[in-house]
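Trainee: Give me the fold of what follows.
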Amino acid sequence: MKQYNPELQKKLEGYIAEVGSQSKAANDIGYSTGTLSTYRKGTYNGDVEKFENRLREFFNLKAEAKTLYVSPDYVPTSISEGVYATIRMCHLKGGLADECGDAGIGKTKAALKYAAEYPGSAVYITVNPCVSSLNAFLKLLCRQLKLPTGRKDDMWMEIDEALRGGRKVLIIDEAQHLPIKTVEAIRAFTDNNPELGVTLIGNPETVTNGRSRPAFAQIRNRTKLVNIRRTLEVTKDDIKMLFPALDNAKQKKEIEFLHTVARSEQGIRGAVNLYSNAKDNENTTYQGLMEMAKAMKIIAY
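Mentor: Numbering: from 1, shown residues only. Sure thing, here's the model as predicted:
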C-alpha cells in the first residue's frame, strides 16, 4: 500500500484554498490537475515519493521566498502617475498616445495597474522581437482577447470586432520593437473605431532618432499625446514613497543616495533592486547601501 505524507497533504489542501482552485495550484506546482486530484484522494498511480519530493521542494522554496524583501507592486510616483494619466486620457478620448522613456522608471507598473483596474475595457500586452511581426503580433493579441488564430486578415477582423462596443484602450508595452507593417495594422484599428484608445509604451527611440522612428513616423500626425520621460525626472519625494521604511529625518544620506541611483541609468528599478538586496543583507544604512552598490557594480556618482 502506498504511503502518503499527511503534512504535505495538509499543505497542499491549504495552498489550493489559498489560490482558489485545484487547477491553479496544479499549474503552479507543475503537475496536471488529474495528478493533484488522485493524490488528494489517495489513489495516485504514479511515483508518490517523486511527487511528494516536488511538493516538498515547492513549499520549501515558497517558505524561503517569504523571508526575502518584496518591493511594493505599485507606487504612485510622479512618473508612474503621469503614465497612468496618459492611458486614462487615451481611454476616454480614443486615438493614439506615446508614453516613452528610460528603462526602469515605472512605465510598465503604471500600465499593469491601469489594466488591473479596468479589466473589462483595458487590454495590456507586451511585445518582444519574437512577437513583433504582424502575424505574430495578431496571434498574441488574439490570445489575450481569447479569439481564434488563423490567417492575418481573419485575425485582424476578429480583433477589430472585439475592440468595438464601448470605450476600450489597448496598451502595448515595449512598442519600440514594432515594425512598420504592425504599426500600420494598429493604426487601422483606431481609424476603424475612433473611440478606441491605443497607448504605445516604449523606450525613447520609439519617438526620437532611433531605428524604430520610421515605423512610428507613419502615425505621428495621428498621435494625440507624446511623452518622453527620463530618469532625471525622479524626485526625492518619489524616493520617500518608494522606501517608506527610511526615516526622512534620520536617514537623509540613504534617501539622497537612492535618489542619485534612481536618477542614473539604473532608474527606479535599479534603486529598488539595490535597496531590496541591502534589506535582505539586513543593512540598509548608508554604508550598507554603498557596499551593496559596489557588490552590484552600480555606479551612482
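Trainee: Going by neighbour count, which residues of whichever strand or helix holds S23 are buried?
Mentor: In this assignment (DSSP states H and E), S23 forms part of helix 22-29. Within helix 22-29, the residues scored as buried using 16 or more other Cβ atoms under 10 Å are 22, 25-26, 29. The way it works is simple: take the backbone N, C-alpha and C, and place the C-beta from them, glycine included.
Trainee: Pull the residues that contact it.
Mentor: 12, 15-16, 19, 32-33, 35-37, 40, 54-55, 58 (Cβ atoms under 8 Å, 6 or more residues apart in numbering).
Trainee: Residues contacting the helix or strand just after it, please?
Mentor: For helix 22-29, the following helix or strand on the C-terminal side (DSSP H and E) is helix 33-41. Here helix 33-41 makes contact (Cβ under 8 Å, 6+ apart) with 4, 9, 12-13, 16, 22-23, 25-26, 29, 44-46, 48, 51.
Trainee: For A122, state which of the contacts of helix 22-29 is nearest.
Mentor: Taking Cβ to Cβ as the measure, V19 is the one of the contacts of helix 22-29 closest to A122, at 24.1 Å.
Trainee: how many neighbours does the closest one have?
Mentor: 14 (other Cβ atoms under 10 Å).
Trainee: tell me the pLDDT at it?
Mentor: Predicted confidence (pLDDT) for V19: 92.
Trainee: just H91 next, same as before
Mentor: For H91, pLDDT reads 96.
Trainee: List the contacts of the residue nearest to L163 when sequence neighbours are not counted.
Mentor: Counting by Cβ to Cβ, 6 or more residues apart in numbering, L163 lies nearest to L196, which is 5.4 Å off, once chain neighbours are set aside. Applying Cβ under 8 Å, 6+ apart to L196 gives the contacts 94, 163-164, 167-170, 189-190.
Trainee: okay, the residues you listed in TSV with neighbour count next?
Mentor: Shown next, in TSV, are the contacts of L196 (neighbours: other Cβ atoms under 10 Å):
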residue	neighbour count
G94	19
L163	23
R164	13
R167	16
K168	21
V169	26
L170	24
F189	19
T190	19
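Trainee: What about the residues you listed, which are in strands?
Mentor: Among those, DSSP state E puts 169-170 in strands.
Trainee: from the contacts of L196, which is closest to K113?
Mentor: Closest to K113, out of all of these and judged by Cβ to Cβ, is V169, at 13.2 Å.
Trainee: and the closest one, what pLDDT?
Mentor: 97.
Trainee: thinking it is in contact with I201, fair?
Mentor: No: using Cβ atoms under 8 Å, V169 and I201 do not qualify as a contacting pair, with a distance of 11.9 Å.
Trainee: Look at D102 and say how many residues are nearby.
Mentor: Other residues lying near D102 total 23 when counted by other Cβ under 10 Å.
Trainee: Repeat that for V198.
Mentor: V198 has 25 nearby residues by other Cβ under 10 Å.
Trainee: Assumed it was part of a strand.
Mentor: Yes: counting by DSSP: H, G, I helix; E, B strand; the rest coil, one finds V198 located in a strand.
Trainee: For it, give me its contacts.
Mentor: 90, 95-97, 169-172, 186, 189-190.
Trainee: 7 Å instead?
Mentor: When contacts are counted by Cβ atoms under 7 Å, 6 or more residues apart in numbering, V198 touches 96, 170, 172, 186, 189-190.
Trainee: which one of the residues you listed sits closest to S71?
Mentor: I172 (24.8 Å).
Trainee: Pairing partners for whichever strand or helix holds that closest one, with directions?
Mentor: For I172, the host element (DSSP H and E) is strand 169-173. According to DSSP bridges, strand 169-173 forms sheet pairs with strand 122-126 (parallel), strand 197-202 (parallel).
Trainee: ranking the ones you listed by burial, who's on top?
Mentor: Among the strands paired with strand 169-173, the stretch with the highest mean neighbour count (mean count of other Cβ atoms under 10 Å) is strand 197-202, at a mean of 26.
Trainee: my guess is L145 meets L163, correct?
Mentor: No: contact status for L145 versus L163: not in contact, 8.1 Å apart, counting by Cβ atoms under 7 Å.
Trainee: what's the burial count for I87?
Mentor: Neighbours of I87 (other Cβ under 10 Å): 25.
Trainee: What is the end-to-end distance of stretch 93-108?
Mentor: Start-to-end span of stretch 93-108 (Cα to Cα, to the nearest Å) is 21 Å.
Trainee: Which positions within that stretch qualify as buried?
Mentor: Buried, per 16+ other Cβ under 10 Å, within stretch 93-108: 94-102, 104-108.
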